[in-house]
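In: A predicted structure for the sequence below; I have some questions about it.
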Amino acid sequence: MDAITVAFAALYQFGDAFAFLVLSACGLAVIFGMMGVINLAHGEFIMCGAYVTVSGANAGLPLPLAILLGALVAAAVGALVERLVVRHLYERPLDTIVATWGLSLIATQGTLIVLGSTMAGIGTPLGSFQIGGYSYSVYRLVLFVMAIVVLAGLYVLFNWTRFGVMARATIQVPHMAAALGVDTRSVYSRTFALGAGLAGLTGGLYAPTMTLVPTMGTTFIMEAFVTVVVGGADVFLGTAPAAVILAIVKSAMTSWQGQLFGQIGLLLAVIVVIRVLPKGISGFLLRERA
């Protein structure tokens with residue numbers, strides 16, 4: 001195996017791990033990292049997006065529109081959950097654990113009862129290409145590009161738009177924002193819906209690559225939480241660097257000893273980073289900047 005083939009294989013595996021971590025974590029970074037809501041139903045929003053995407057594709061929608069539909073339905077469900085449940089728990093953050101865990105169980109078991117233990121997939125689009133003796137999926141490269149696009153979109157949204165300014169003001173100093181005439185309830189609702197919609201987008205993007213089962217959210221939620229915790233409270237300063245570090249560790253350990261060691265390496269990296277940087281990467285960067 002020549003050096004170019006080895007280098008490309010390593011970069012491809014890193015890009016795949018990076019995309020998975022970023023897309024899994026972005027919605028949670030908005031809801032947990034920014035809003036402080038410990039959302040244990042994050043995986044079920046991802047499942048919602050995946051199921052809606054596959055249903056839309058099977059109904060004849062082009063895959064990009066089916067993915068968009070999955071994200072929009074997850075956002076609508078998120079807005080409903082915020083209005084009926086989460087809105088009453090902003091002053092009781094630990095209670096959000098119990099509430100969202102309960103919602104997670106209801107969604108998982110409800111899907112199992114209504115739709116069965118599995119749903120037929122739609123297959124991975126765009127085919128593959130070959131370098132050396134190895135074949136690579138083109139769609140995995142699309143996922144990497146989408147991870148970059150989502151990060152850039154969030155940066156623009158929260159820094160260059162009126163909604164983003166109001167959202168950051170409401171989350172950081174809600175009573176001052178309310179005194180200045182901001183409808184804080186509406187901002188909280190839209191921000192939570194955004195996080196849920198990003199989770200649905202993740203489910204839609206990964207739906208063609210995996211088997212759809214009611215418990216598929218657990219595949220994402222552990223890595224989403226560790227990425228957000230390592231990144232810290234600031235979505236933009238923390239999520240991307242955390243994903244880069246964890247993707248390097250995961251892809252290197254996976255290449256060396258397989259998937260199990262990749263997960264073990266990921267968790268060990270989290271323990272080390274949190275021990276050294278208790279406020280995450282963004283907390284360290286903000287402290288240095290100050």
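Out: Happy to help now that I have it.
In: Now do the contacts for L126.
Out: S137, V138, Y139, V142 (Cβ atoms under 8 Å, 6 or more residues apart in numbering). Glycine gets a C-beta too; all of them are placed from N, C-alpha and C.
In: Can you select the buried ones from those residues in PyMOL?
Out: In PyMOL syntax, the buried subset of the contacts of L126 is picked out as below (16 or more other Cβ atoms under 10 Å):
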select buried, resi 137+139
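In: Now for V270: which residues touch it?
Out: Neighbour list for V270: V226, V229, V230, L246 [criterion: Cβ under 8 Å, 6+ apart].
In: Check L268 too.
Out: Contacts of L268 by Cβ under 8 Å, 6+ apart are V249.
In: Next one, pLDDT for it please.
Out: L268 carries a pLDDT value of 85.
In: In the helix or strand where I271 lies, which residues are buried?
Out: Applying DSSP states H and E as the criterion places I271 in helix 259-276. Using 16+ other Cβ under 10 Å as the test for burial, helix 259-276 gives G262, G265, L266, A269, V270, V273.
In: Is the first one in contact with K250, as I believe?
Out: Yes. G262 is within contact range of K250, at 4.6 Å (criterion: Cβ atoms under 8 Å).
In: joint contacts of these two?
Out: A17.
In: so what does the longest helix along the chain touch, helix or strand wise?
Out: Looking across the chain with DSSP state H, the single longest helix is helix 3-28. Applying 3 or more Cβ pairs under 8 Å, 6 or more residues apart in numbering; DSSP states H and E, one finds that helix 3-28 contacts helix 42-58, strand 128-131, strand 134-137, helix 138-160, helix 184-206, helix 218-231, helix 235-257.
In: Convert the C-alpha atoms of the first one to PDB, please.
Out: What follows is helix 42-58 as a C-alpha-only set of coordinates in PDB (Å, rounded to 0.1, in the frame of the first residue of the first chain):
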ATOM      1  CA  HIS A  42     -31.900  14.500  21.600                       C
ATOM      2  CA  GLY A  43     -31.600  11.000  20.100                       C
ATOM      3  CA  GLU A  44     -35.300  10.800  19.500                       C
ATOM      4  CA  PHE A  45     -35.400  14.000  17.600                       C
ATOM      5  CA  ILE A  46     -32.700  12.500  15.400                       C
ATOM      6  CA  MET A  47     -34.800   9.300  15.000                       C
ATOM      7  CA  CYS A  48     -37.800  11.500  14.100                       C
ATOM      8  CA  GLY A  49     -35.800  13.200  11.300                       C
ATOM      9  CA  ALA A  50     -34.600   9.800  10.000                       C
ATOM     10  CA  TYR A  51     -38.100   8.200  10.000                       C
ATOM     11  CA  VAL A  52     -39.700  11.200   8.300                       C
ATOM     12  CA  THR A  53     -36.900  11.400   5.700                       C
ATOM     13  CA  VAL A  54     -37.300   7.700   4.700                       C
ATOM     14  CA  SER A  55     -41.100   8.000   4.700                       C
ATOM     15  CA  GLY A  56     -40.800  11.100   2.400                       C
ATOM     16  CA  ALA A  57     -38.300   9.300   0.100                       C
ATOM     17  CA  ASN A  58     -40.500   6.300  -0.100                       C
END
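In: Buried ones in the helix or strand just after that helix, by neighbour count?
Out: As assigned by DSSP H and E, the chain's next helix or strand after helix 42-58 is helix 63-84. Within helix 63-84, the residues scored as buried using 16+ other Cβ under 10 Å are 63, 66-75, 77-79, 81-82.
In: For C26, state which of those is nearest.
Out: Relative to C26, the closest of those is A71; by Cβ to Cβ it sits at 11.6 Å.
In: L201 is in contact with the closest one, correct?
Out: Yes. Between A71 and L201 there is a contact at 4.0 Å, judged by Cβ under 8 Å.
In: Could you measure from A152 over to C26?
Out: 11 Å (Cβ to Cβ, to the nearest Å).
In: and what of G280?
Out: Separation of G280 from C26 (Cβ to Cβ): 15 Å.
In: Name the residue in the two with the higher neighbour count.
Out: For G280 versus C26, neighbours defined as other Cβ atoms under 10 Å are more numerous around C26 (29 against 24).
In: confidence score at the more buried one?
Out: You'll see C26 listed with a pLDDT of 90.
In: Excluding chain neighbours, what is closest to it?
Out: L198 (4.8 Å; Cβ to Cβ, 6 or more residues apart in numbering).
In: Tell me the confidence at the one you found?
Out: pLDDT, L198: 95.
In: cool, D234 as well?
Out: 68.
In: and if you look at T191?
Out: Confidence at T191, expressed as pLDDT, is 91.
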